[in-house]
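> Mind looking at a prediction? Sequence and model below.
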Amino acid sequence: MQEVRTRFAPSPTGLLHVGAVRTALFAWAFAKSNNGKFILRIEDTDKSREVQGATEHIIESLEWLGISVDEGPNAPGDLGPYIQSMRLDIYKRYAQQLINDGHAYTDPYSTAQVAEFREEAKLLKQPFLYRQFRPEDSKLKVEEDWYKKSTLRFKTTIFKPEWHDIVRGDLSAGEESLDDFVLIKADGYPTYNFAHIVDDFEMKISHIMRGEEFIASTPKFLALYKALGITPPKMATMPPILNQNGGKKLSKRDGAKDVLEYRSQGFLSEGVFNFLAGMGWNDGTEQEVFSRQEIVDNFTLERIQKSGAKFDDQRLVWLNGHHIRNMPTKDLFKLIDDEFWPEAASKSSSDYRLEVLGLLQERLKYFAELPELSEFFFEEPNYNQLTIKVKKLDDTQRAPLLKASIECLDQTDFTVEALELALRELAQTKNLKPGTIFGLLRIAATGSQVAPGLFETLAVLGKETTLRRLTQALDQL
RNA sequence: GGUCCCAUCGUCUAAUGGUUAGGACACCAGGUUUUCAUCCUGGAAAUAGGGGUUCGACUCCCCUUGGGAUCACCA
């Protein structure tokens, strides 16, 4: 059987949004599940849209997600170069072949003329077909020195386009979908339509995964494959990713995020990967949380969804929380850059922060929540009369209770067990429900009504800090 | 306008002719717990509509409706 070789072929025009990344993910997962190769090819044939640094950004994004590139601009391979602007000679060679075989001609019309034809067709509510304006065969020609002077067009043949798509099944289109399209632009660069076909062949790509926007142009590709005498790779159409409210394809305008934004918000690579894989693919079981490897192990193209999926942030957050909880605290700690911690944390040792993380891990959904959840571990709380309120506790009871607690804690070892024993005993002595006194101490020690378990929190804060804070709180009453 | 694609709870999806249409997120209600979170239990929630085919249709066919793609010297 032919080696499985898939590719991701973005153009370096800026951000890499989640839809594109999900397509890359599927192509990668399919290659990996078949011991195949995943190729990254940069399609930079439109100089005007190219954005500086975009290629590096694409590479970094894939790397972060764990989508490893076997061959590409950043990974040597035998079938490169993997950047289209470095392959112009190859396209020229194939173009010459088409010319020799009578499948290409130089454009007899100016851009303005073509635009006019198109406008006319639009007014008549007719589809615009260039081939209807193609001069008769006897007048068709290829200008000498055409390269970089005029555009080279493909002379299509007419047939009933039919093909098989692994995801969508048998597809077909009308003859109206066949037309003479530009192979080589006037600037000497090939169009996508031409270049990707040459490259996929040269790079021995076995399966093409791409978005459904390419279904409409597949008939044109089929005509070109035929003219070049190439057997097309297998094709699989990926379902679109839609924005949350509307049914539109997710685009930058809808706030489509660049994948690396999820990294900067503190999402885990595995969480985002798991989430993206679940949009348009499932393994048929009821499992929801997958590791990257589990996805590869169970991946098949046949289980890819036909219809589009809406992007649901809540699900991503939930999945990410799951991955965070599943991870050993030490490993998680290593993934959290300093910038995620509150500023005051820089004064604390990394051992201390690790302990804090241990307490927060089960409620942390993504790292950007860290400052809010952890601030009081690093900074003195700022409380006043009002913050030290406890339900079911009379205001006059607070001061004596706090005083008694301070005395009690002063005599206690700050281990979780000892603290629990001592404070439960205190509650009993005072004839109060444990929750009542715990609530008071939580606020006094942290300035917050919400915190991890009280004993664990006090143990991490330590005796000195705890007693200092309780005394301060007492002063405020 | 032409050509093409898609259609199960609000969302992600399972069920490839026979299920009380399943799971998950979110939501609601209980429980565990010192608060929050976690965890556990339960609830509400879907086959777009209409025709066929069939003993039987989410599943196959047709029409309608709705959504989407595309018709560049962009990819």
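Structure received.

> What is the burial count for residue A:84?
24 (other CB atoms under 10 Å). Just so you know, the C-beta spots here come from the backbone N, C-alpha and C atoms, and that holds for glycine as well.

> For it, give me its contacts.
A:41-45, A:190, A:195, A:199 (CB atoms under 8 Å, 6 or more residues apart in numbering).

> Which of these lies at the shortest distance from residue A:212?
Among the contacts of residue A:84, residue A:43 lies closest to residue A:212 (CB to CB), at 18.4 Å.

> pLDDT (mean, whole number) over stretch A:400-409?
In this model, stretch A:400-409 carries a mean pLDDT of 93.

> circling back to that earlier point, and the contacts of residue A:84 near RNA strand B, which?
Restricting those to those near RNA strand B by CB under 7 Å from any atom of the strand leaves A:43, A:45.

> In ChimeraX, select just the buried ones from the contacts of residue A:84.
A single ChimeraX command selects the buried members of the contacts of residue A:84 (16 or more other CB atoms under 10 Å):
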select /A:41,42,43,44,45,190,195,199
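
> In helices, which of the contacts of residue A:84 fall?
Mapping the contacts of residue A:84 onto helices (DSSP state H) picks out A:195, A:199.

> which one of the contacts of residue A:84 is nearest residue A:438?
Closest to residue A:438, out of all of those and judged by CB to CB, is residue A:42, at 59.1 Å.

> beta partners for that closest one?
Counting by DSSP bridges, residue A:42 forms beta bridges with residue A:83.

> pLDDT value on it, please?
Looking at residue A:42, the pLDDT reads 98.

> just checking, it touches residue A:73?
Yes - with contact defined as CB atoms under 8 Å, residue A:42 counts as touching residue A:73 (5.9 Å).

> who touches both of the two?
Counting by CB under 8 Å, 6+ apart, the residues touching both residue A:42 and residue A:73 are A:55, A:82-83.

> Distance to RNA strand B for those residues - can I get that in a markdown table?
Listed next are those as a markdown table, based on distance: CB to the nearest atom of the strand, whole Å:
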| residue | distance to RNA strand B |
| --- | --- |
| A:55 | 13 |
| A:82 | 13 |
| A:83 | 12 |
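
> most surrounded residue in those?
residue A:82 (23 neighbours).

> how near is that one to residue A:76?
Going from residue A:82 to residue A:76 by CB to CB, to the nearest Å gives 9 Å.

> show me where chain A has strands.
Assigned by DSSP state E, the strands in chain A fall at A:5-8, A:37-40, A:104-106, A:152-154, A:162-165, A:169-172, A:182-184, A:207-211, A:234-238, A:241-242, A:309-310.

> Compare those and say which comes out lowest on pLDDT.
Averaging pLDDT over each of these puts strand A:241-242 lowest, since it has a mean of 89.

> Please work out how many residues are found near residue A:427.
Counted with other CB under 10 Å, residue A:427 comes out at 18.

> contacting residues for it?
Contacts of residue A:427 (CB under 8 Å, 6+ apart): A:433-434, A:436-438.

> Mind checking which of those are in helices?
Going by DSSP H, the helices hold A:434, A:436-438 from these.

> if we take those residues, which one ends up nearest to residue A:358?
Using CB to CB, those come closest to residue A:358 at residue A:438, 20.0 Å.

> Next one: the closest one from RNA strand B, what distance?
Residue A:438 sits at a distance of 4 Å from RNA strand B (criterion: CB to the nearest atom of the strand, to the nearest Å).

> With adjacent residues omitted, what lies nearest to that residue?
Leaving aside its chain neighbours, residue A:438 sits nearest to residue A:454 (5.0 Å; criterion: CB to CB, 6 or more residues apart in numbering).

> Is the one you found in contact with residue A:441, as I believe?
Yes - using CB under 8 Å, residue A:454 is in contact with residue A:441, at 6.3 Å.

> Can you work out which residues contact both of those two?
What both residue A:454 and residue A:441 touch, as defined by CB under 8 Å, 6+ apart, is the set residue A:423.

> Who has more neighbours out of the two?
Neighbours were counted for residue A:454 and for residue A:441 using other CB under 10 Å; residue A:441 has more, 27 against 21.

> Tell me who's in contact with the more buried one.
A:405, A:423, A:454, A:458, A:470.

> so can I have JSON lines of those residues showing distance to residue A:334?
What follows is the contacts of residue A:441, written out as JSON lines (distance: CB to CB, whole Å):
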{"residue": "A:405", "distance to residue A:334": "37"}
{"residue": "A:423", "distance to residue A:334": "34"}
{"residue": "A:454", "distance to residue A:334": "28"}
{"residue": "A:458", "distance to residue A:334": "27"}
{"residue": "A:470", "distance to residue A:334": "34"}
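
> Just the closest of the ones in helices among the contacts of residue A:427 to residue A:204, please.
For those, the nearest to residue A:204 is residue A:438 (66.7 Å; CB to CB).

> With residue A:341 as the reference, measure out to that closest one.
Counting by CB to CB, the gap from residue A:438 to residue A:341 is 27 Å.
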